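Peer 1: sequence? don't have it. structure:
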């Protein structure tokens with residue numbers, strides 16, 4: 001095969017970047033279909049999910065996906081099963097012929113008794129596509145009127161009905177009434193509806209964590225308030241105890257923040273996806289009913305604000321703890337400087353005392369050494385005969401005293417001077 005003109009060596013990431021743009025092609029769906037999509041959390045890791053789809057593929061005589069594959073599709077019963085791996089969950093999308101009537105039993109899906117779920121279920125959707133006709137006149141009767149959302153999309157080419165409640169099988173029900181959509185348009189609407197349900201459920205996972213952390217944050221806030229009140233009353237003598245208590249509170253706060261960092265970040269990202277999918281649908285409300293956008297805004301937005309509030313409280317509390325800790329540390333530093341000053345003063349006093357003692361010892365040393373030198377001179381003079389030294393030995397010994405004293409003093413002084421020069 002001839003080499004292309006622009007077939008240069010590619011960057012390692014180029015194939016991945018180019019492939020990702022086509023990784024989730026729109027599923028072409030005909031009229032009168034039913035879709036079941038289940039989403040399972042990655043409790044045991046991606047390998048468990050890959051093993052599950054690989055085993056299902058082999059059991060149906062289909063080649064399993066590659067180990068690093070993120071998408072896989074295969075015929076399954078009367079329809080098609082599509083598997084997709086995400087960061088913290090995987091989706092199992094099956095579409096087949098719609099039942100004879102709205103809400104009828106699903107036939108031919110792969111999620112029966114032989115199906116082994118790869119993780120905990122987080123989202124389950126049943127979506128029916130029906131051509132508008134006499135059998136869909138009472139479509140609203142299949143939903144809870146209290147939470148029913150009914151709107152049109154694509155300039156009236158289709159209607160969407162849902163109550164975001166689960167049926168007897170635990171599936172959230174959606175109904176898409178078709179008024180002349182193309183296969184591509186049906187697939188696009190279906191994918192957006194499935195994303196809305198899956199991601200709004202995932203976004204809500206941050207709420208239980210926020211509700212759990214809120215009392216913990218309140219307890220830490222109360223603890224910090226008590227500490228700052230003690231600081232206000234000038235409890236400097238308790239600085240070490242206050243610092244230890246604040247360090248403990250800060251450690252608890254940071255542990256909670258680390259625990260919630262990913263979950264709150266993921267909830268924000270999922271919330272953005274939900275809003276983007278709803279905006280893309282461009283719903284038009286039907287008189288007497290609310291749209292999915294309105295319904296979810298009233299219910300999802302407060303949950304997201306709760307998560308945001310807990311995050312902000314954690315951040316604000318962390319800053320307050322830092323400032324209070326810095327203040328207590330300044331108290332401790334001032335006390336340490338005061339203690340160091342006292343210690344240095346005491347050391348200076350001891351050094352001065354040692355200097356005076358050293359000078360005294362040096363004076364005594366000069367006298368003692370001089371005494372011994374004079375004694376040696378006296379012994380030497382006495383050993384000489386009168387003929388060699390016609391002077392009285394006592395006179396010579398006495399005369400040697402000032403010479404010995406000056407000599408010893410000069411030697412000691414030079415020794416001390418050399419030591420002082422070596423210290424510098």
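Peer 2: The structure has been received and is ready for your questions. Please read these numbers as outputs of a predicted model, since none were measured by experiment.

Peer 1: ranges for the helices of the protein?
Peer 2: 14-20, 46-59, 183-203, 206-232, 239-281, 292-383, 393-423 (DSSP state H).

Peer 1: can I get those helices in JSON lines with mean pLDDT, mean neighbour count and distance to residue 97?
Peer 2: All C-beta spots, glycine's among them, are computed from the backbone N, C-alpha and C. Output for those, formatted as JSON lines (pLDDT from 0 to 100; neighbours: other Cβ atoms under 10 Å; distance: least, Cβ to Cβ, whole Å):
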{"stretch": "helix 14-20", "mean pLDDT": "69", "mean neighbour count": "10", "distance to residue 97": "32"}
{"stretch": "helix 46-59", "mean pLDDT": "92", "mean neighbour count": "17", "distance to residue 97": "20"}
{"stretch": "helix 183-203", "mean pLDDT": "95", "mean neighbour count": "21", "distance to residue 97": "14"}
{"stretch": "helix 206-232", "mean pLDDT": "90", "mean neighbour count": "16", "distance to residue 97": "38"}
{"stretch": "helix 239-281", "mean pLDDT": "90", "mean neighbour count": "17", "distance to residue 97": "25"}
{"stretch": "helix 292-383", "mean pLDDT": "83", "mean neighbour count": "14", "distance to residue 97": "26"}
{"stretch": "helix 393-423", "mean pLDDT": "73", "mean neighbour count": "13", "distance to residue 97": "100"}
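
Peer 1: give the contact list for residue 268.
Peer 2: Counting by Cβ atoms under 8 Å, 6 or more residues apart in numbering, residue 268 makes contact with 304, 307, 308.

Peer 1: between the helices of the chain, which gets nearest to residue 95?
Peer 2: Closest to residue 95 of the helices of the chain, according to Cβ to Cβ: helix 183-203, at 8.3 Å.

Peer 1: just checking, what packs against the closest one?
Peer 2: Judged by 3 or more Cβ pairs under 8 Å, 6 or more residues apart in numbering; DSSP states H and E, helix 183-203 is in contact with strand 33-41, strand 89-97, strand 121-131, strand 158-166, strand 172-178, helix 239-281, helix 292-383.

Peer 1: Can you tell me which of the ones you listed is nearest to residue 15?
Peer 2: Closest approach to residue 15 among the helices and strands packed on helix 183-203 (Cβ to Cβ): strand 89-97, 22.9 Å.

Peer 1: Mind putting the helices of the chain into TSV with distance to residue 101?
Peer 2: Output for the helices of the chain, formatted as TSV (distance: least, Cβ to Cβ, whole Å):
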stretch	distance to residue 101
helix 14-20	41
helix 46-59	29
helix 183-203	20
helix 206-232	36
helix 239-281	26
helix 292-383	24
helix 393-423	105
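
Peer 1: Nearest approach to residue 99 belongs to which of those helices?
Peer 2: Nearest to residue 99 among those is helix 183-203; the distance by Cβ to Cβ comes to 16.8 Å.

Peer 1: any idea of the angle that closest one forms with strand 33-41?
Peer 2: In terms of direction (axes from the mean of the first three to the mean of the last three Cα atoms, to 10 degrees), helix 183-203 departs from strand 33-41 by 30 degrees.

Peer 1: isn't residue 317 right up against residue 223?
Peer 2: No: Residue 317 sits out of contact with residue 223 when judged by Cβ atoms under 8 Å, with a separation of 10.1 Å.

Peer 1: Find residues that contact each of those two.
Peer 2: Going by Cβ under 8 Å, 6+ apart, no residue sits against residue 317 while also sitting against residue 223.

Peer 1: Excluding chain neighbours, what is closest to residue 143?
Peer 2: The shortest distance from residue 143 to any residue other than its chain neighbours is 4.1 Å, reached at residue 163 (Cβ to Cβ, 6 or more residues apart in numbering).
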